[in-house]
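Peer 1: would you be able to build a 3D model of this:
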Amino acid sequence: MERLKYILIVAVCMLFLGAAAAKAEDGDAKKGETLYNMRCLVCHGKKGDGNGAAGVLRKEELSGRVLEIRPRDFTLGLFRFRTTASGCLPSDDDLLNTITNGFPRSFMTNLKSLPVEERKALRAYIKTFSSRFAEDPPCEPIKAVKPKWVGTDDSVKKGQVVYKNMKCWECHGETGKGDGPKSNDIKDDWGFPILPFNFLTGELKRGSTPEAIYLTFTTGLDGTGMPSYEDSLNEESRWNLVSYTMKLMGKLDKKEAH
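Peer 2: Residues are numbered from 1 along each chain as shown. Below is the predicted model of the structure:
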């Protein structure tokens, strides 16, 4: 009898320890709320809808249009930068990477100074803004393994054909400056005007490695006009498009793609 009691006590303790370990790994949403209010609320708002006190972070006139640069709205569960397929939620690692590293050329600063436990807590709280995180099954991350031939002259030439045939130029322009004939007509899922990326700047928000560019072509940027090519282009064609994109960005001249 005493042995049975001991076994039961040990089992209960293991359950509590397991739950505590899982919470530590997933993040403490309550603690995350405090961090969010301190660091994120001013831009993303109390409800996570992007309507914080900062509101419109910046207005700038580009290509004859006044664009409003706005904080991300978390409530729809639409995230641009993911390693998961179009329409899927980002993985926990995706969200943690965004919180940790931020995005260049944007107002989303990095939070590397926070301990990882606090960054995980912030991630847990951000996930509470959209019911999709509780309702949608997780999607498997897409792996980007760069072939050795990416960046070669042959791959660049094939990528240029893909760029033309897929009509990338209609938005991004013939030379990649973001000045295509449809560039002034694009709006995001919230109805706000956005401009296609100017590749000549040489710096993508997601990162400018071949792998990062490949993921953009494969996953798309949900909530924007940038579609996924996972179904419409095979892997080889997507990697060739990466080669041509890096050529437009000036990365191959710097021998960064090899």
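
Peer 1: surely C43 and I69 touch.
Peer 2: No: counting by Cβ atoms under 8 Å, C43 stays clear of I69, with 10.5 Å between them. (C-beta placed from N, C-alpha, C; glycine too.)

Peer 1: compare these two (neighbour count), which wins?
Peer 2: Taking neighbours as other Cβ atoms under 10 Å, C43 and I69 compare with C43 leading, 18 against 13.

Peer 1: the more buried one: what's it in contact with?
Peer 2: C43 sits next to 50, 52, 54, 57, 71, 107 when contact means Cβ atoms under 8 Å, 6 or more residues apart in numbering.

Peer 1: got it, and K177?
Peer 2: If you count contacts by Cβ under 8 Å, 6+ apart, K177 has them with 198-200.

Peer 1: among those, the buried ones, what's the PyMOL command?
Peer 2: Filtering the contacts of K177 down to the buried ones (16 or more other Cβ atoms under 10 Å) takes a single PyMOL command:
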select buried, resi 198+199
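
Peer 1: nearest residue to D222 in space, ignoring adjacent ones along the chain?
Peer 2: Distance criterion Cβ to Cβ, 6 or more residues apart in numbering; nearest residue to D222, sequence neighbours excluded, is L78 at 4.8 Å.

Peer 1: how many other residues sit next to that neighbour?
Peer 2: 21.

Peer 1: so L241 makes contact with L233?
Peer 2: Yes: with contact defined as Cβ under 8 Å, L241 reaches L233; the gap is 7.1 Å.

Peer 1: more neighbours, the two?
Peer 2: Legend: neighbour count by other Cβ under 10 Å for L241 and L233, higher for L241 (25 against 18).

Peer 1: tell me the SS of the more buried one?
Peer 2: helix (DSSP: H, G, I helix; E, B strand; the rest coil).
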